[in-house]
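>>> could you work out the structure for the sequence below:
(one chain, ligands or ions: 2)
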Amino acid sequence: MTKMYPMMISLTDRNCLVVGGGRVAERKVHSLIESGARVKIVSPTITESLKQQVKKGNLQWEQRLYHSNDGQDAFLVIAATDWPHVNKTVYEDAIKRNQWINVVDQPELCNFTVPSVMRQGKLTIAISTQGASPMFSKRIRQDLEQQYGDEFSLYIDLLGEARKKVQQRITDRKERQRLLQELMSDDWLDLCRYYPTKVMDYFQAWLQEQIEGQRGGKTS
Ligand SMILES: C[C@@]1(CC(=O)O)C2=NC(=C\c3[nH]c(c(CCC(=O)O)c3CC(=O)O)Cc3[nH]c(c(CC(=O)O)c3CCC(=O)O)/C=C3\N/C(=C\2)[C@@H](CCC(=O)O)[C@]3(C)CC(=O)O)/[C@H]1CCC(=O)O
Ligand SMILES: NC(=O)c1ccc[n+]([C@@H]2O[C@H](COP(=O)([O-])OP(=O)(O)OC[C@H]3O[C@@H](n4cnc5c(N)ncnc54)[C@H](O)[C@@H]3O)[C@@H](O)[C@H]2O)c1
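Ligands and ions are numbered 1, 2, ... in the order given. Next up, the predicted model:
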């Protein structure tokens, strides 16, 4: 079996078409909106939660059955009706246009599948079983959610900030690696966990000390 290629893609302001408005479409639409996509849904009916998104202006809804030209301007298409033959038509139309297509009831008609996703701030962990067991993907996500609490969101922000500062201020590559490696220590994670409001100040002071130490080392 060929391995699918995992990637993180930006959907900001990309037109995405979702055909069908049931429970499964709802899950896919929510994650598309969260990723900044411009979502159009074509379906005679949609769920209450999707109606709320329409009211908020986050989603465009065309209340009717699918037509083959609906996806003309789409970057990505999801077929989520409960009619396999409709989903197959959506697939064929998308393939003709060389688009990304996900058919929710036929993994063999997908040129991409949607993983289960755990997010904690910028930390994103995606799980796929290549279609073997979505339920197991979900279980792993739930386990990971227990494992990666709020402190990781702060920790990743701190690491991002540190990386920028270290890149700007430390020219020696080995020294840069050493400093970034020190931040991998669980002590920093504990500081994020127990002193969330103070950890950034500790970090700034620590980094300043390291930079001064390095300067001192160079001149001596
Ligand atoms: C991860 C997640 C992402 C999301 O949808 O956002 C996702 N399915 C989720 C849940 C879920 N899906 C199903 C159940 C019921 C239990 C069961 O059947 O296992 C549950 C559990 C539940 O709902 O509790 C049924 C199901 N799913 C597919 C089929 C068709 C088939 O296999 O033939 C059928 C049978 C329909 C039927 O029999 O009628 C197909 C796909 N589902 C995928 C993704 C892709 C593969 C992902 C992977 O490789 O793991 C793939 C291939 C295509 C796609 O959808 O992209 C999301 C969890 C989100 C979370 O909570 O974390
Ligand atoms: N991939 C997954 O994660 C996953 C999970 C569970 C189920 N499924 C499968 O996904 C499919 C959809 O499941 P659901 O629970 O959301 O179904 P549902 O019955 O709740 O929703 C189906 C939607 O499709 C719309 N629809 C029907 N014909 C249409 C047409 N011609 N054009 C446009 N819209 C049309 C309906 O109005 C409805 O909104 C089922 O085949 C189910 O087996 C997939």
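>>> residue ranges with poor pLDDT in this protein?
Residues of the chain meeting the criterion pLDDT under 70: 215-220.
>>> would you state the helices of it in chain order?
Taking DSSP state H to define them, one finds helices in the chain at 23-34, 48-55, 84-96, 134-147, 151-169, 173-182, 186-194, 199-219.
>>> any residue of the second one up close to ligand 2?
No: on the criterion Cβ under 6 Å from any ligand atom, helix 48-55 is out of touch with ligand 2, staying 8.8 Å away. (Glycine included, C-beta is placed from N, CA and C.)
>>> start at 39, not 1
Done: numbering now begins at 39, and the last item shifts to helix 86-93.
>>> by contact count, what packs against that helix?
helix 61-72, strand 97-100 (3 or more Cβ pairs under 8 Å, 6 or more residues apart in numbering; DSSP states H and E).
>>> and the angle from it to helix 61-72?
40 degrees (axes from the mean of the first three to the mean of the last three Cα atoms, to 10 degrees).
>>> quick revisit: closest one to ligand 2 among the helices and strands packed on helix 86-93?
Closest of those to ligand 2 is helix 61-72, at 3.5 Å (criterion: Cβ to the nearest ligand atom).
>>> would you mark the buried spots in that closest one?
62-64, 66-68, 70-71 (16 or more other Cβ atoms under 10 Å).
>>> show me the subset of these that also lies near ligand 1.
residue 66.
>>> let's have the buried residues of helix 61-72 in JSON lines, adding distance to residue 252.
What follows is these, written out as JSON lines (distance: Cβ to Cβ, whole Å):
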{"residue": "62", "distance to residue 252": "55"}
{"residue": "63", "distance to residue 252": "55"}
{"residue": "64", "distance to residue 252": "53"}
{"residue": "66", "distance to residue 252": "50"}
{"residue": "67", "distance to residue 252": "51"}
{"residue": "68", "distance to residue 252": "47"}
{"residue": "70", "distance to residue 252": "46"}
{"residue": "71", "distance to residue 252": "46"}
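>>> neighbours of residue 107, how many?
Neighbour count of residue 107, defined by other Cβ atoms under 10 Å: 8.
>>> for stretch 108-118, buried residues please.
Applying 16+ other Cβ under 10 Å to stretch 108-118 flags 108-109, 112-118 as buried.
>>> phi, psi for the closest residue to ligand 2 within the chain please.
Closest approach of the chain to ligand 2 (Cβ to the nearest ligand atom) occurs at residue 60, with a separation of 2.1 Å. With angles defined as degrees, to the nearest 10, residue 60 sits at phi -90, psi -160.
>>> quickly list what the most centrally placed residue in the chain is bridged to.
Central residue of the chain (Cα atoms, centre = their mean): residue 162, 6.0 Å from the mean position. Residue 162 has these beta-bridge partners by DSSP bridges: residue 157.
>>> that one against residue 155, yeah?
Yes: between residue 162 and residue 155 there is a contact under Cβ atoms under 8 Å: 6.5 Å.
>>> residues touching the residue of the chain closest to ligand 2, list them.
Residues counted as contacts of residue 60 (Cβ atoms under 8 Å, 6 or more residues apart in numbering) are 83, 85, 118-120.
>>> one more time with 10 Å
Residues in contact with residue 60 (Cβ atoms under 10 Å, 6 or more residues apart in numbering) are 81, 83-85, 88, 118-120, 142.
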